[in-house]
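> I'll drop the sequence and a predicted model, then ask my questions.
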Amino acid sequence: MNNILFITRYFGEMMGGTMCSKRNYSSLQKIFDKTYEYRIMNKVSHRQIFSRIEQIILGYMGGIDELDKKNIKRIILEKQCSHVFIDSSLLGYLSLYLHQQFPSLIITCFFHNFEYHYIKETYTGIKKILYSQWTLKNENLACKYSNHIIALNQRDAFMIQQQYKRKPDICIPISIPDTYTTELKKSPLKKEKYILFIGSYFPPNVEGILWFIQNVLPHINIKLVIVGKDMDKLHIPSEIKDKIHLYSNVPDLSVFYQNAELMVMPIFSGSGMKVKTAEALMYGKFLIGTKEAFEGYEIDEKIGILCNNANDFIKNINKYSQQNLIYNAPSRTLFIDKYSSDATQELFNSLLK
């Protein structure tokens, strides 16, 4: 039987990692006879204490513990799985464990990021020291004991090869289902023009949008809308609040995307690819952003403008916000051709069918 077990960390709804994981699972369903899912969830009560101890002593990452390992082994046996898809490079110890338990099992590991680089860039103090050491071990094991490894883009693939001496078998970029509709929904801001920033309350997003508010927003003549999970935690200086509309934990982003004049993406750190870039392309948005926001995407001047500093953002926002680019056809075409779920399905097929 050609069955696969999909093992994933749960990032939480409205998170980019969750959207990518859902894409991965859906793609596997189109290849295998049966696809089963095991979610590694946050532990509760006393189990959380034991789980943390196990993780610290054994160097596990990604929330996995001994109980998860036993459950995964049981499912593989009961469901007669010939493949497993490990949906995070932080679960490298699991690659080793499954290789030892099932030598003929075909193991595929998906790198959402080059996590070692991301953790060293994001954390400080003792967390940086411990997490980076554990991540280095886990990603190295993922590379050593997985039959296939998948990266999101060439940048991550290069860094993975440099660090772990293992070249990813394939790059499969971020993609999302095409949910675009031509029906234009009513703007929440009536007839006001606005530029849009989408992102959860997450360090690279917070860093980027606060920089934008301080250095760019006072010098442009258009309102800024910020939408994202837990973004109500964002501290906005009182002197600039009248130029900002903030919406937190919104289940449907489509109305905000559809009515925005431009998408602004001041992201300076991170790894992997940004899901919100694919979403913006799906809605036919013209993009103004940094190199990090565009990483892994084939953006040209018909689709977006690369900005390296505050002056670049100010000049281009003031220019393009006057050009009625509420729908930009080349952005939509690029999405269909490269970053829709249908476009990336063939890449999954070429590796796993």
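Everything's here; your move.

> Now do the same for Tyr123: its pLDDT.
Among the per-residue scores, Tyr123 shows a pLDDT of 82.

> Return the residues in contact with it.
By Cβ atoms under 8 Å, 6 or more residues apart in numbering, Tyr123 lies in contact with Tyr131, Ser132. (Each C-beta comes from the backbone N, C-alpha and C, glycine too.)

> 6 Å - rerun?
Tyr131 (Cβ atoms under 6 Å, 6 or more residues apart in numbering).

> I'd like to know how far it sits from Trp134.
12 Å (Cβ to Cβ, to the nearest Å).

> Kindly tell me how buried Phe268 is, as a neighbour count.
12 (other Cβ atoms under 10 Å).

> List the contacts of it.
Counting by Cβ under 6 Å, 6+ apart, the residues that Phe268 touches are Gly208, Thr290, Glu292.

> From the residues you listed, list just the buried residues.
Gly208, Thr290, Glu292 (16 or more other Cβ atoms under 10 Å).

> Surely Gln100 is within a strand?
No: using DSSP: H, G, I helix; E, B strand; the rest coil, the assignment for Gln100 is helix, not a strand.

> Show me the helices in the stretch 201-350 of the chain, by range?
Assignment of helices within the stretch 201-350 of the chain using DSSP state H, counting those that start in this stretch yields the ranges 203-215, 254-259, 275-282, 291-294, 310-320, 329-334, 341-352.

> out of those, nearest to Glu66?
helix 341-352 (29.0 Å; Cβ to Cβ).

> Quick one: work out the angle between that closest one and helix 275-282.
130 degrees (axes from the mean of the first three to the mean of the last three Cα atoms, to 10 degrees).

> sorry, back to before: select, out of the helices of the stretch 201-350 of the chain, the one closest to Asn221.
Going by Cβ to Cβ, the one of the helices of the stretch 201-350 of the chain nearest Asn221 is helix 310-320, 6.6 Å.

> Okay, buried residues for that closest one please.
Taking 16+ other Cβ under 10 Å as the criterion, helix 310-320 shows Ala310, Phe313, Ile314, Asn316, Ile317, Tyr320 as buried.

> Against which helices or strands is it packed?
Where contact means 3 or more Cβ pairs under 6 Å, 6 or more residues apart in numbering; DSSP states H and E, helix 310-320 is not packed against any helix or strand.

> For that helix, C-alpha coordinates in PDB please.
Provided in PDB are the C-alpha atoms of helix 310-320 (Å, rounded to 0.1, in the frame of the first residue of the first chain):
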ATOM      1  CA  ALA A 310      13.100  54.800   3.900                       C
ATOM      2  CA  ASN A 311      13.600  57.200   1.000                       C
ATOM      3  CA  ASP A 312      12.900  54.400  -1.500                       C
ATOM      4  CA  PHE A 313       9.700  53.600   0.300                       C
ATOM      5  CA  ILE A 314       8.600  57.200   0.500                       C
ATOM      6  CA  LYS A 315       9.300  58.000  -3.100                       C
ATOM      7  CA  ASN A 316       7.700  54.900  -4.500                       C
ATOM      8  CA  ILE A 317       4.600  54.900  -2.300                       C
ATOM      9  CA  ASN A 318       3.900  58.500  -3.200                       C
ATOM     10  CA  LYS A 319       4.400  57.700  -6.900                       C
ATOM     11  CA  TYR A 320       2.500  54.400  -7.200                       C
END
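
> Right, I'll call it a day here.
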